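S.K.: Show me the folded form of this:
(one chain, ligands or ions: 1)
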Amino acid sequence: MSTDNRSVKHVFIPPDPHMVGDGFRVHSFFPGNPVMDKKRMSPFYLMDYNAKIDFSASDHQRGVGVHPHRGFETVTIAYHGRIAHHDSAGNSGVIGEGDVQWMTAASGLLHKEYHEESFSRDGGLFQMVQLWVNLPAKDKMGTPKYQEIANSSITRVPVEGGSIEIIAGEYQGAKGPASTFTPMDVMNLRLQAGSTLQLDLPATWNTGLLVVEGSVKVNGIDAPLDHFVLMDNDGSRFTVTATEDTLVLLLSGEPIDEPIAQYGPFLMNKWEELEVAIRDVSTGKFGVLED
Ligand code: MN
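M.R.: Model prediction:
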C-alpha cells in the first residue's frame, strides 16, 4: 500500500438516540464519543443525526424552543421532512428535502427550530443532520450570519455511477455555495450500487462519512446504513464503493488547532468566555425572540 492511502480508523454504529426538544430524535455521534477526542473531527465539533423516523400528524409543531448559541455555526441538512427556523437576528426560513441551512451564530443569537406547519399537520418521514462547525477564535465574536442553501443551488458534479453534491468546498474545481470561515468540504455522495468513487483529500484534514441511504464499503470495509466512518489521517486517498444505491454525507476539514471550552450551546476557547456568554444571555445581549 502506498503511503498516500488513507485508512479507515473506525466504523461507528449509531449511538442510542435521544430527543432534542420533542422534534428531533438524534444519534449524537460526537462529541461525547469515548473513543474520539473532542477535536478529532475539528472543525466539526458536533454531529447529531436524526435517522429516518415517521412522525405522526400533529396539531402541535414539534421542535426546540428558544435557545442561544455563541462561538460557532449550526448547519442543518434536511434529507426528509420540513423544518422552520426563526432567530433574533431577524432571519427565518423553512428548509425541506435536500435544502441546507447554514447559520453562523458567532457573537450570539437566540433561535428556535421546529417542524414546519404543514409537515406537522400531515406528519411523515423525517431525516436530517445537524452539525456544529467551530469558528476560529478571531471569528467567534463576529456578526451573526444566515445562509439558506436551496437544493437547486447546490453544485452537482457528475461522476461515474452517480454524482457529488457540493454544499461547501470544492471537487475537481467545482465549488459549493456555502461560504465558510475555514477550509472544509461538506458533500453528499450519491452512488449507484456497484460504483466506486476515489476521493483524495489532504491527509491533515479530519474526514468522516455518514451513510444516509443504502450502504457502502470504504476501502473494502463495510459501512452499513446510519453508520459513521471515521477516517485516519495517515494519507489522502480512499475509495467509497456503493453496495446498494447510496447517499453518503462526506465531512472533511482543516482542523482548528485552538483550545476548546464548551458549555451547553456555547463553544468558546476559555472558561471565562463561557461565563461571559451566560451573563450576556441573562442581560439580554443575545436579543429577543418570542417562544
Ligand atoms: Mn440550535
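S.K.: CA atoms for contacts and neighbours, from now on please.
M.R.: OK.
S.K.: who touches the top helix by length along the chain?
M.R.: As assigned by DSSP state H, the longest helix anywhere in the chain is helix 271-282. For helix 271-282, the external contacting residues (Cα atoms under 8 Å, 6 or more residues apart in numbering) are 68, 70, 261-263, 266-268, 286.
S.K.: now with 6 Å?
M.R.: residue 261 (Cα atoms under 6 Å, 6 or more residues apart in numbering).
S.K.: what do you get for stretch 252-260?
M.R.: 42-43, 183-185, 205-207, 268-269.
S.K.: what about it, how long is it end to end?
M.R.: Criterion Cα to Cα, to the nearest Å; first-to-last residue distance in stretch 252-260 is 19 Å.
S.K.: Show me what counts as buried in that stretch.
M.R.: 252-256, 260 (16 or more other Cα atoms under 10 Å).
S.K.: What is the most widely separated pair among the contacts of stretch 252-260?
M.R.: 185 and 269 (23.5 Å; Cα to Cα).
S.K.: more neighbours, these two?
M.R.: More crowded of residue 185 and residue 269, by other Cα atoms under 10 Å: residue 185, with 23 against 17.
S.K.: gap between that one and residue 175?
M.R.: Here residue 185 is placed at a distance of 10 Å from residue 175 (Cα to Cα).
S.K.: Let me know the closest of the contacts of stretch 252-260 to residue 78.
M.R.: For these, with residue 78 as the reference and Cα to Cα as the criterion, the closest is residue 185, at 17.3 Å.
S.K.: Strands along the stretch 151-291 of the chain, start to end?
M.R.: All strands of the stretch 151-291 of the chain, identified by DSSP state E, counting those that start in this stretch, fall at 155-159, 162-168, 170-171, 174-175, 184-191, 196-200, 206-213, 216-218, 221-223, 228-231, 237-242, 246-253, 261-263, 266-268.
S.K.: Could you work out the most separated pair of the buried residues of stretch 252-260?
M.R.: Among the buried residues of stretch 252-260, 252 and 260 lie farthest apart (Cα to Cα), at 19.2 Å.
S.K.: if I read this right, residue 104 contacts residue 144, doesn't it?
M.R.: Yes. Residue 104 sits in contact with residue 144 when judged by Cα atoms under 6 Å, with a separation of 5.2 Å.
S.K.: More neighbours: which of these two?
M.R.: For the pair residue 104 and residue 144, the greater number of neighbours falls to residue 104 (28 against 19), based on other Cα under 10 Å.
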